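1. Provided below are the primary sequence and the corresponding predicted coordinates.
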Amino acid sequence: MMDAQEVVFMVKAVVGANWGDEGKGKITDMLAEHADIVVRFQGGANAGHTIKNHYGKFSLHTLPSGVFYDHTTSIIGNGVALDIHRLFQEIQSITDQGVPKPHILVSDRAQIVMPYHVLLDQYEEERLGSKSFGSTKSGIAPFFSDKYAKIGFQVSDLFDEELLVEKTARICETKNVLLEHLYHKPLLKAEELLAQLHEYRQMVEPYVTDVSEYLHEALQAGKTVLLEGQLGTLRDPDHGIYPMVTSSPTLAGYGAIGAGVPPYEIRQIITVCKAYSSQVGAGEFVSEIFGDEAQELRNRGGDGGEYGATTGRPRRVGWFDCVASKYGCRLQGTTDVAFTVLDVLGYLDEIPVCIGYEIDGEVTTKFPTTAKLKKAKPVYKTLPGWKCDITGITEYEKLPENCKKYIEFIESQIEYPITFISNGPSRTDIIYRNK
Ligand code: GDP
């Protein structure tokens, strides 16, 4: 028998500090080299992770970012909004690009995004017009509403025919009231829903697993598990910029729930922070910049410009926000900060950094609730740029002096250790910094 004391239990979470698009995909792909299992624990196909490695460039929406290795098992956790068609399309698209077929498991407790969730999302955004939430129309908000209204379909439901028949009839009753009277759109038919669910059953059956049990056994056997978050702290439904948030918690703490592992097993929380800010869609954004200055950063940003991985929408951009990032790191329970996309800033003579918010004439470094945030004006400190390309540098000491000063200044403001510095989109563009 194994001595429990000798077993290496290790769960790490990779999460975002801000509004998403921080580069979590790249960091997860990189860390997955030394992981056995990568689990997506929340969100759905409404946001994307862009990953560049020796197979090519990929935009993943549902698949965990560990799918590029033979040795990893990729899991869709119970906390995910599972769009079965999109999952299969994604598997097909990566294998078409030469990636070996990944080893995938799907939680029997994950719930399914139904076609009517996607339609209701579209109809509601249409109805709201200029007051819309800027949803990606992937069905996420209607999906989570149904999950908490307890009328969602769990993957395990697919194997209970009697339940499916009863539930599809019930769903039609309630949804059709909305479709007819609020949206004036075609009605749902129970037999079509049932046929759809049968198709899902066939597709997903080989992958269905009791994931919390699987992870329990994996941890007992000393495996390393990565929990991969989508979006970032500021899109968390409780701690983010409500109501411009996503519908499932984006915090590492939720990793325990959305994957089904004990909270105390999460030993390392790597919070990804981009070296400047970006936001896709609507929501408060204190350090946002506009005009030519913004367009230049947008075009140079990320890998080929700051344009949404799922929608292609131009992302709003701005300077690094220490107030939002410190808060973002704190809520995540950060042990390590991965500071990404730093190479992009090499063109600037000077780099403003937002170090405080002025609200009603007072300066604060505490991130407020949304009503106050609407009134916040950025307080900047300007640091000198380093005016060169830092890609290819692999040792911290070899970075230009002003670049190190930028990192160290931000670290002193956010008060969490920056231990990974990403200076390019590829897996190998990384500088480890021992703290
Ligand atoms: P995620 O959703 O947090 O995974 O982030 P996205 O994939 O939406 O956005 C990050 C973008 O930046 C992607 O295009 C990445 O390829 C790219 N990227 C990640 N790290 C770096 C980096 O250090 N430098 C550059 N230039 N691009 C990066």
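-> Structure's in. What do you need? Numbers count the residues shown, from 1 in each chain.
2. I'd say Ser138 and Gly44 touch.
-> Yes - applying CB atoms under 8 Å as the test, Ser138 and Gly44 come out as touching, 6.0 Å apart. Where you see a C-beta, it was placed from the backbone N, CA and C, and this is true even at glycine.
3. intersection of neighbour lists for these two?
-> Ala81, Asp83, Val113 (CB atoms under 8 Å, 6 or more residues apart in numbering).
4. Check the residues you listed one by one and keep those near the ligand.
-> On the criterion CB under 6 Å from any ligand atom, none of the entries of the shared contacts of Ser138 and Gly44 sits beside the ligand.
5. can you tell me which of these lies nearest to the ligand?
-> Ala81 (16.0 Å; CB to the nearest ligand atom).
6. so how far is the strand or helix carrying Lys326 off the chain centroid?
-> Lys326 belongs to helix 322-332 when assigned by DSSP states H and E. A distance of 16 Å separates the centroid of the chain from that of helix 322-332, by CA atoms, centre = their mean, to the nearest Å.
7. Please name every helix or strand in contact with that helix.
-> Using 3 or more CB pairs under 8 Å, 6 or more residues apart in numbering; DSSP states H and E as the contact test, the elements touching helix 322-332 are strand 10-16, strand 266-274, strand 350-359, helix 401-414.
8. Does the helix or strand immediately after that helix in the chain reach the ligand?
-> Using DSSP H and E, the helix or strand that follows helix 322-332 in sequence is strand 336-340. Yes - residues of strand 336-340 contacting the ligand under CB under 6 Å from any ligand atom: Thr340.
9. what's the average pLDDT for stretch 120-136?
-> On average, the pLDDT along stretch 120-136 is 84.
10. For the residue nearest the centre of the chain, which non-adjacent residue is spatially closest?
-> With distances taken as CA atoms, centre = their mean, the residue of the chain nearest its centroid is Gln230 (1.3 Å). Excluding the flanking residues, the one nearest Gln230 by CB to CB, 6 or more residues apart in numbering is Gly43, at 3.3 Å.
11. residue contacts, that neighbour?
-> Contacts of Gly43 by CB under 8 Å, 6+ apart are Val80, Ala81, Ile140, Gly229, Gln230, Leu231, Thr246, Ser248, Thr250.
12. Keep only those of the residues you listed that are in strands.
-> Ala81 (DSSP state E).
13. Now the buried members of the contacts of Gly43.
-> Val80, Ala81, Ile140, Gly229, Gln230, Leu231, Thr246, Ser248, Thr250 (16 or more other CB atoms under 10 Å).
14. As JSON lines, these with pLDDT would be great.
-> Shown next, in JSON lines, are these (pLDDT from 0 to 100):
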{"residue": "Val80", "pLDDT": "96"}
{"residue": "Ala81", "pLDDT": "96"}
{"residue": "Ile140", "pLDDT": "90"}
{"residue": "Gly229", "pLDDT": "95"}
{"residue": "Gln230", "pLDDT": "93"}
{"residue": "Leu231", "pLDDT": "93"}
{"residue": "Thr246", "pLDDT": "91"}
{"residue": "Ser248", "pLDDT": "94"}
{"residue": "Thr250", "pLDDT": "97"}
